[in-house]
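# next one to model:
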Amino acid sequence: MKFLRIIWCDVTGIRRCRVVPLDDRITKLGEGDINIPIADYIHHISRLALVCYFLPCYADEVVTKKAQLMGDTRLQPSVSGISQVVWLPYSPDAIVVSEMLSLSRFPGSDTTEHDWSPRRYLQLALERLKRECLLDILVGFETEFILLQKIVDEHGHDTYVPIETSAYCQTTGFDTVADVIRDMCTVLQDHGHQQVLHCHGESAHGQYEIVTGYGDALTQADDFILRKELIEHVARTHGLVVSFLPKLFQNQAGTASHVHISLVPTSDTDRVELDDHGLSIHLSRFIAGLIDNMQALVLLTAGSPNSSKRLLDGAWAGSWSCWGFDNKEAPLRVIDRNHVEYKAFDGTVNPYLAITAILCAGLDGISRGQCAPGPVTGDPSVLDRKPVTCTRLPQSLDESILFFSENRTRMETDGSGMISEWYRAVCSDGGIPKKDLDEFLHDFCATKEAEAEYFSSKSFEEEVDLLRLRY
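Down below sits the predicted model:
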């Protein structure tokens, strides 16, 4: 029997799936000669309780009485035809990434769909960037992960140890895992249709990175989910376990998913206006918005209970809101005049929400016409005199939630900030009803608040034991 796995990513960044058998009529799937609508296969399993989208990372439970219990959602695949699904190697199964549309979300409403899905948020934000700023955005990812072996100790308990303990880019370390990484890269290119640029060993034990090519933001968000599925699938075929958890080992380097960003004018022009620092004027204003909103942005881009433990001073993670030219300690590392790497981004995110938040933070800077402050040279944590815009990023999930709430207060006070731009992008011009976004952000914050409370009494070891295989 062949299965089609319909995958969604919830607000905490956990990938989940429902599964439907594919019948015997489909004998040439993937060869492109038939393209039966996926809806024909998933209609009977496509509905599930809306609260399933807001389950916390520590348990499948309703986290607060405030959380919405009313209504269902419908899984909507991001591709239309079944010949476009991705076939798993070494398996008869296929997978497809889906989004979730809300049905009957509010008491007393009819069965009209409320198009609130995070993927739709990203689509609308991209449309606004193109419509009002005459810009497209290209993104690409560095996907880091740790390869582990599961060992059962003499007491019958599962323990997980890194597959090897080599140093950064050490050749003997890569020799140990070359067959695994080769299979991963091959599968990403041949099955996932993702361009692999390079790969190498990272600093933590058993840690590796695969860098994939640039593309449009919506496709890259879909591929972010698909890539993790394929990497994990290949690891399992080699008897290994993968973890994308940001801080798996307390005294070693963290694991991230740095995102690279370039802004591309949609108009035909050879003229590039530069700011005083040699950045394109568009990127300069985009960076200004990211810096101004970064403390709130982190809840969407590095917002798990474990994420802040990676954002340490002196760890090349970027722990202060600033930018610099090729500065490894800045969360915004400018590579050229129209290319910036954002480092406060990890594998626990919902990629649609995270990229939407980055876009809206950047739009805030563009809307205000504010250029980037001066670049920071060296480690900002040791500077005696920091720029006024250089502030410490959240050091806990509680702090991230607080900064996010303060950003929403800015919207209500003077109409500025990342969240204000989010509402403008997705709720204006006949977009998503404001009450839908209100309810979504309310439930998102309720989920994060519950996670913060739950893990406040847990040790680092207890946290890692629970989340190691969640991410």
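
# now the helices for the protein?
In the chain, the segments counted as helices under DSSP state H are 39-42, 118-133, 171-190, 217-237, 281-301, 351-368, 397-414, 418-427, 434-455, 460-467.

# what about these, which gets the closest to F244?
helix 217-237 (6.4 Å; C-beta to C-beta). Any C-beta I mention is one placed from the backbone N, CA and C, and that applies to glycine too.

# quick check: angle from that closest one to helix 118-133?
Helix 217-237 runs at 140 degrees relative to helix 118-133, counting by axes from the mean of the first three to the mean of the last three C-alpha atoms, to 10 degrees.

# just the buried residues of helix 217-237, please?
By neighbour count on 16 or more other C-beta atoms under 10 Å, the buried set for helix 217-237 is 217-218, 220-235.

# what is the least confident helix or strand in this structure?
Ranking every helix and strand in the chain by mean pLDDT, DSSP states H and E puts strand 113-114 at the bottom, with a mean of 51.

# need the longest strand for this structure.
As assigned by DSSP state E, the longest strand anywhere in the chain is strand 135-152.

# can you get me a residue count around D179?
D179 sits with 10 neighbouring residues when counted by other C-beta atoms under 10 Å.

# show the contacting residues for it.
The contact partners of D179, taken as C-beta atoms under 8 Å, 6 or more residues apart in numbering, are H238.

# how much space separates it from A235?
11 Å (C-beta to C-beta, to the nearest Å).

# give me the number of residues near the residue lying closest to S405 once chain neighbours are set aside?
Distances taken as C-beta to C-beta, 6 or more residues apart in numbering put C445 closest to S405, at 7.5 Å, once the chain neighbours are dropped. A total of 18 residues lie near C445 under the criterion other C-beta under 10 Å.

# wait, C445 sits on F404?
Yes. C445 is within contact range of F404, at 7.0 Å (criterion: C-beta atoms under 8 Å).

# identify the residues contacting the residue with the largest distance to the centre of the chain.
Most distant from the centre of the chain: E154, at 38.2 Å, with distances by C-alpha atoms, centre = their mean. Residues counted as contacts of E154 (C-beta under 8 Å, 6+ apart): none.

# okay, it and V241: tell me how far apart.
Taking C-beta to C-beta, one finds E154 at 20 Å from V241.

# now do L353
26 Å.

# now swap in H191 and tell me
For H191, the distance to V241 - C-beta to C-beta - is 21 Å.

# with L129 instead?
Taken as C-beta to C-beta, the span from L129 to V241 is 39 Å.

# circling back: okay if I get the helices of the chain as a markdown table plus distance to E202 and mean pLDDT?
Shown next, in a markdown table, are those (distance: least, C-beta to C-beta, whole Å; pLDDT from 0 to 100):
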| stretch | distance to E202 | mean pLDDT |
| --- | --- | --- |
| helix 39-42 | 38 | 60 |
| helix 118-133 | 28 | 92 |
| helix 171-190 | 10 | 93 |
| helix 217-237 | 14 | 93 |
| helix 281-301 | 19 | 96 |
| helix 351-368 | 21 | 96 |
| helix 397-414 | 24 | 93 |
| helix 418-427 | 30 | 93 |
| helix 434-455 | 25 | 91 |
| helix 460-467 | 18 | 96 |
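
# output the ones you listed in a markdown table; the columns should cover distance to A253.
What follows is these, written out as a markdown table (distance: least, C-beta to C-beta, whole Å):
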| stretch | distance to A253 |
| --- | --- |
| helix 39-42 | 41 |
| helix 118-133 | 29 |
| helix 171-190 | 14 |
| helix 217-237 | 19 |
| helix 281-301 | 18 |
| helix 351-368 | 21 |
| helix 397-414 | 21 |
| helix 418-427 | 28 |
| helix 434-455 | 22 |
| helix 460-467 | 15 |
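
# select, out of the ones you listed, the one closest to V11.
Of these, nearest to V11 by C-beta to C-beta is helix 434-455, at 5.1 Å.

# residues contacting G303?
T348, V349, L397, S400, K448.

# L353 and V241: who's more crowded?
L353 (24 against 19).

# for the more buried one, which non-adjacent residue is spatially closest?
Counting by C-beta to C-beta, 6+ apart, the residue nearest L353 is P118, at 4.8 Å.

# report how many residues lie close to the one you found.
With other C-beta under 10 Å as criterion, P118 counts 25.

# so it touches E99, yeah?
Yes. Using C-beta under 8 Å, P118 is in contact with E99, at 7.2 Å.

# what residues are shared contacts of those two?
With C-beta under 8 Å, 6+ apart, P118 and E99 have common neighbours Y352.

# measure I14 to R468 for me?
In terms of C-beta to C-beta, I14 sits 13 Å off from R468.

# brain fart, G431
Taking C-beta to C-beta, one finds G431 at 39 Å from R468.

# compare these two (neighbour count), which wins?
Neighbour totals were compared for G431 and R468, and G431 leads with 21 against 17 (other C-beta under 10 Å).

# my guess is that one meets Y121, correct?
No. Look at G431 against Y121 with C-beta under 8 Å: they stay out of range, at 9.3 Å.

# joint contacts of those two?
A425.

# quick revisit: list the contacts of the residue nearest to L353.
V11, E99, N350, Y352, L353, T356.

# what residues are up against the third one?
Taking C-beta under 8 Å, 6+ apart, we find N350 in contact with C9, D10, V11, T12, G13, P118, L300.

# repeat that with 6 Å
C9, V11, G13, P118 (C-beta atoms under 6 Å, 6 or more residues apart in numbering).

# ok, the first one next?
With contacts defined as C-beta under 6 Å, 6+ apart, V11 is in contact with F54, N350, F444, T447.
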